[in-house]
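# need coordinates for the following:
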Amino acid sequence: MFDAYLFDLDGTLLDSERLWIEAIGVALERRGVKLSPAAATALVLGRSWPDIFAEVRRRYPETYATREEMEAVTVPLYREYGERRDIRIHSSIALLRRLAAGGPTVIVSGSTRNRIAESIELMDIADLVPFYIGAEDYARGKPAPDCFLLAAARLGVSPERCLVFEDSPAGVAAAKAAGMACVALHRQEETQPPAGADLTLADLADFSFALLSSR
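Take a look at the predicted model:
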């Protein structure tokens with residue numbers, strides 16, 4: 001049904017967004033800004049790292065002068081937290097492996113390229129991902145469609161022949177703005193599912209083309 005499959009990373013393949021929320025919350029608290037869990041979640045969820053830092057600079061200009069300065073705090077915290085538990089979403093990774101047999105699978109993320117490379121190694125899928133798109137590769141983060149359109153262009157595939165797997169409202173909006181079909185993973189019962197997806201699932205183990213085409 002499709003020529004290529006584009007996977008978001010954080011929240012879709014890795015249960016990592018909670019770690020970033022914690023790390024960024026601690027980094028801001030160390031500079032005198034105390035965020036509630038809800039405020040920290042709203043700051044981080046579904047945004048690219050450049051967009052997160054731009055928002056931090058806008059709201060809290062007294063905290064970190066550069067991205068590098070903030071990353072020097074957040075990245076070690078993220079790695080420390082990640083060592084305490086397995087953040088891989090195994091059913092999502094299994095789906096990527098299954099789909100890779102039928103077409104190219106690409107990771108399209110708001111994380112940095114270094115972070116994506118580390119994640120690919122963690123998931124042991126380097127042989128299945130011909131390339132990946134990270135925050136350094138495009139100007140406008142999700143919900144702008146730039147990242148997905150760039151992936152399609154590099155693949156030489158029409159956007160309508162791409163199927164996206166996402167977990168955030170911004171990611172779903174970006175995929176639909178790019179003219180792509182989109183499956184939303186919604187694992188958090190306490191939040192509303194992203195609007196606009198062609199199919200929403202609590203576990204990507206349940207995905208099938210028949211189920212998608214029936215919607």
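
# for the longest helix anywhere in the chain, what is the distance to the chain centroid?
In the chain, taking DSSP state H as the definition, the longest helix is helix 67-82. Its chain's C-alpha centre and that of helix 67-82 lie 17 Å apart, by Cα atoms, centre = their mean, to the nearest Å.

# and I93, what is it in contact with?
Contacts for I93 were tallied using Cβ atoms under 8 Å, 6 or more residues apart in numbering; they are L13, M123, I125. C-beta here means a position set from N, CA and C on the backbone, and glycine is covered the same way.

# repeat for L9
If you count contacts by Cβ under 8 Å, 6+ apart, L9 has them with S16, I107, S109, S111, I116, S119.

# distance between the helix or strand bottoming out on mean pLDDT in the chain and the chain's centre?
Lowest on mean pLDDT, DSSP states H and E among the helices and strands of the chain sits helix 37-44, with a mean of 88. Its chain's C-alpha centre and that of helix 37-44 lie 16 Å apart, by Cα atoms, centre = their mean.

# list the buried residues of that helix.
Using 16 or more other Cβ atoms under 10 Å as the test for burial, helix 37-44 gives A40, T41, L43, V44.

# which pair of the contacts of L9 spans the longest distance?
Largest separation among the contacts of L9 by Cβ to Cβ: S16 and I107, giving 12.6 Å.

# residues shared between the contacts of the two?
By Cβ under 8 Å, 6+ apart, S16 and I107 have these common neighbours: L9, S119.

# for this protein, which segments count as strands?
Along the chain, counting by DSSP state E, strands occupy 4-7, 105-108, 132-133, 162-166, 181-185, 199-201.

# low pLDDT regions in the chain?
For the chain, the stretches with pLDDT under 70 are 189-190.

# what ranges does this protein have for its helices?
For the chain, the helices defined by DSSP H cover 17-29, 37-44, 49-59, 67-82, 90-100, 113-123, 146-155, 169-177, 209-213.

# columns distance to F7 on top of the ones you listed, output as TSV?
Putting the helices of the chain into TSV (distance: least, Cβ to Cβ, whole Å) gives the following:
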stretch	distance to F7
helix 17-29	15
helix 37-44	19
helix 49-59	18
helix 67-82	19
helix 90-100	6
helix 113-123	10
helix 146-155	10
helix 169-177	10
helix 209-213	15
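
# phi, psi of G179?
phi 80, psi 30 (degrees, to the nearest 10).

# and the gap between the closest residue in space to it that isn't next to it in sequence and G102?
Using Cβ to Cβ, 6 or more residues apart in numbering and skipping residues adjacent in sequence, the residue nearest G179 is P159, 4.2 Å away. Computed as Cβ to Cβ, to the nearest Å, the P159 to G102 distance reads 18 Å.

# the two - which one has more neighbours?
P159 (20 against 13; other Cβ atoms under 10 Å).

# residues in contact with the more buried one?
Counting by Cβ under 8 Å, 6+ apart, P159 has contacts F148, L149, A152, A178, G179, M180.
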